[in-house]
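Engineer: Got a predicted structure here, sequence first:
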Amino acid sequence: MTSSTTETVAVPATSTKLAAGQKHRVLSGMQPSADSLHLGNYIGALVNWVRMQDEYDAIFFIPDLHAITVPQDPAELAHRTRVTAAQYIAGGVDVDKCTLFVQSQVPEHAQLAWVLNCITGFGEASRMTQFKDKAQKQGTDQASVGLFTYPILQAADILLYQPHGVPVGEDQRQHVELSRDLANRFNSRFGETFQVPEAFIQKESAKIYDLQNPTAKMSKSAESPAGLINLLDDPKTTAKRIKSAVTDTETEIRFDREAKPGISNLLTIYSTISGQPVEKIVADYQGKMYGHLKVDLAELVTNHLTPIRERAQELLADPAELDRLLAHGADKAREIASATLADVYAKVGFLPYGGAR
Ligand code: TYM
């Protein structure tokens, strides 16, 4: 996946100057809230992460603290956290090149979040659109205070590591903006402490839509699973879902997001997985039927996902080794996080443990 048409994130125009030999740092995470990541997470996030880990000092984590902002079955959450880690690694995240850890194993996230809670305005937090959407769906009485402060915990995730860039989809832009605002506010109140991070927003071409409802983004909270392509599903299910994807009543295969959202989504998936530009695929399918495209795409996607699924299953067969890798990542992460937190605590005026040093 190297062609320019499949490049899904803009090269960051960060202004931060670096010392010789130092790399820009990036940080991102995906919630462990499903039994499998879907193709939107894979194309929209994971593929970019894997590309970034060579060029950047990359930190990837599994935000399990965020997952409990809505009710979770404990055994299922533990399972999904491992499953998510296994998919990161199976998809190409290399623990020797980057730092990979589970959020709850680094207590500094919750500790910094508290300090940031105390410099965030109630009105400011109330304006976060993701909270408004989710609270509206669940009813405000059902929504937890954790869900309300979710973006502030996300700001803590980011600011603890002083990253230059946060690669995410458009849906996360507002949260990265909040972390910038909080970094600037803390810096101006207490003195220079945090790097102000930039959102590295994936290009529109990395956005994957629901196969049954191709104007809505592919999402684990979709009403029906029929519109999802999951990394860990068996190939038969994946092929069936692609072949049953909703298209339009015309027959012409061309890219037109407005008039032909279903076919355009299939072309995006084809292009990102095959590394071929959309125009070439359209030219190759001139005069052919939608069915031809779907059959070929089903084969392309299942062939691509099979080794990832198998590698994830291998990793999950040895949970002790997976947990060891994650513990190692958490140790690496804590070295950075604890230094930032100590600086923050001192600036806020908390007494140093054991007296003045
Ligand atoms: P989450 O778990 O909802 O999504 C993870 C990433 O996947 C992208 N994504 C998609 N991209 C393309 N097409 C789709 N259909 C699609 N669906 C999801 C998202 O944009 C995102 O980049 N709040 C975050 C998790 C988080 C985090 C952080 C991220 C917690 N702390 C700190 C960055 C930095 C979330 O819920 O992502």
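Structural biologist: Thanks, I have it.
Engineer: The lengthiest helix in the chain - contacts with which helices or strands?
Structural biologist: In the chain, ranked by residue count with DSSP state H as the criterion, the top helix is helix 319-348. Secondary-structure packing of helix 319-348 (3 or more C-beta pairs under 8 Å, 6 or more residues apart in numbering; DSSP states H and E): strand 57-62, helix 74-90, strand 99-102, helix 108-117, helix 173-190, helix 290-316. Every residue, glycine included, has its C-beta placed from N, CA and C.
Engineer: quick one: low-confidence ranges for the chain?
Structural biologist: Counting by pLDDT under 70, the ranges of the chain that qualify are 1-16, 356-357.
Engineer: and the stretch 251-357 of the chain, which residues reach the ligand?
Structural biologist: Nowhere does the stretch 251-357 of the chain come near the ligand, counting by C-beta under 6 Å from any ligand atom.
Engineer: So residue 257 sits against residue 264, correct?
Structural biologist: Yes: between residue 257 and residue 264 there is a contact under C-beta atoms under 8 Å: 4.8 Å.
Engineer: Looking at these two, which one has more neighbours?
Structural biologist: More crowded of residue 257 and residue 264, by other C-beta atoms under 10 Å: residue 264, with 20 against 16.
Engineer: How much space separates that one from residue 333?
Structural biologist: As judged by C-beta to C-beta, to the nearest Å, residue 264 and residue 333 stand 39 Å apart.
Engineer: Could you do residue 46 as well?
Structural biologist: 19 Å.
Engineer: can you check residue 89 too?
Structural biologist: Separation of residue 89 from residue 333 (C-beta to C-beta): 16 Å.
Engineer: and these two? which has more neighbours close in?
Structural biologist: Taking other C-beta under 10 Å, residue 89 and residue 333 do not tie; residue 333 has more neighbours (24 against 20).
Engineer: contacting residues for residue 239?
Structural biologist: Residue 239 sits next to 298-299, 301-302 when contact means C-beta atoms under 8 Å, 6 or more residues apart in numbering.
Engineer: And those, which two are furthest apart?
Structural biologist: Using C-beta to C-beta, these span at most 7.5 Å, a distance reached by 299 and 301.
Engineer: right, and residue 200 touches residue 167 too?
Structural biologist: Yes: Residue 200 lies in contact with residue 167 (C-beta under 8 Å); the separation is 4.2 Å.
Engineer: Who has more neighbours out of the two?
Structural biologist: Legend: neighbour count by other C-beta under 10 Å for residue 200 and residue 167, higher for residue 167 (28 against 23).
Engineer: Doesn't that one belong to a strand?
Structural biologist: Yes: counting by DSSP: H, G, I helix; E, B strand; the rest coil, residue 167 is found in a strand.
Engineer: Test my guess that it contacts residue 29.
Structural biologist: No: Residue 167 lies out of contact with residue 29 (C-beta under 8 Å); the separation is 10.4 Å.
Engineer: SS state for residue 253?
Structural biologist: Per three-state DSSP, residue 253 ends up coil.
Engineer: likewise residue 28?
Structural biologist: Assignment for residue 28 (three-state DSSP): strand.
Engineer: Name the residues linked to it by a beta bridge.
Structural biologist: Beta-bridge pairing for residue 28 (DSSP bridges): residue 60.
Engineer: how many other residues sit next to residue 136?
Structural biologist: A total of 10 residues lie near residue 136 under the criterion other C-beta under 10 Å.
Engineer: any idea how far it lies from residue 167?
Structural biologist: 28 Å.
Engineer: where exactly do the helices run in the stretch 151-300 of the chain?
Structural biologist: With helices called from DSSP state H, counting those that start in this stretch, the stretch 151-300 of the chain shows them at 173-190, 235-243, 261-274, 278-284, 290-316.
Engineer: Ranking the ones you listed by mean neighbour count, which comes first?
Structural biologist: Most buried of the helices of the stretch 151-300 of the chain, by mean neighbour count (mean count of other C-beta atoms under 10 Å): helix 261-274, with a mean of 22.
Engineer: Which secondary structure elements does it sit against?
Structural biologist: Using 3+ C-beta pairs under 8 Å, 6+ apart, the elements in contact with helix 261-274 are helix 278-284, helix 290-316.
Engineer: For that helix, give me every contacting residue.
Structural biologist: By C-beta under 8 Å, 6+ apart, the surrounding residues in contact with helix 261-274 are 1, 5-6, 8, 39, 43, 47, 205-209, 211, 214-215, 229, 242, 245-248, 253-257, 276-278, 281-282, 290, 293-294, 296-297, 300-301, 304.
Engineer: Can you pull the phi and psi angles for the residue of the stretch 151-300 of the chain found nearest the ligand?
Structural biologist: Going by C-beta to the nearest ligand atom, the ligand is nearest to residue 169 of the stretch 151-300 of the chain, at 2.2 Å. Recorded main-chain torsions at residue 169 are phi -80, psi 170, according to degrees, to the nearest 10.
Engineer: With the ligand as the reference, measure out to the spatially closest residue to residue 95 that is not a sequence neighbour.
Structural biologist: Spatial nearest neighbour of residue 95, chain neighbours left out: residue 325 (5.4 Å); criterion: C-beta to C-beta, 6 or more residues apart in numbering. Distance of residue 325 to the ligand, computed by C-beta to the nearest ligand atom, to the nearest Å: 20 Å.
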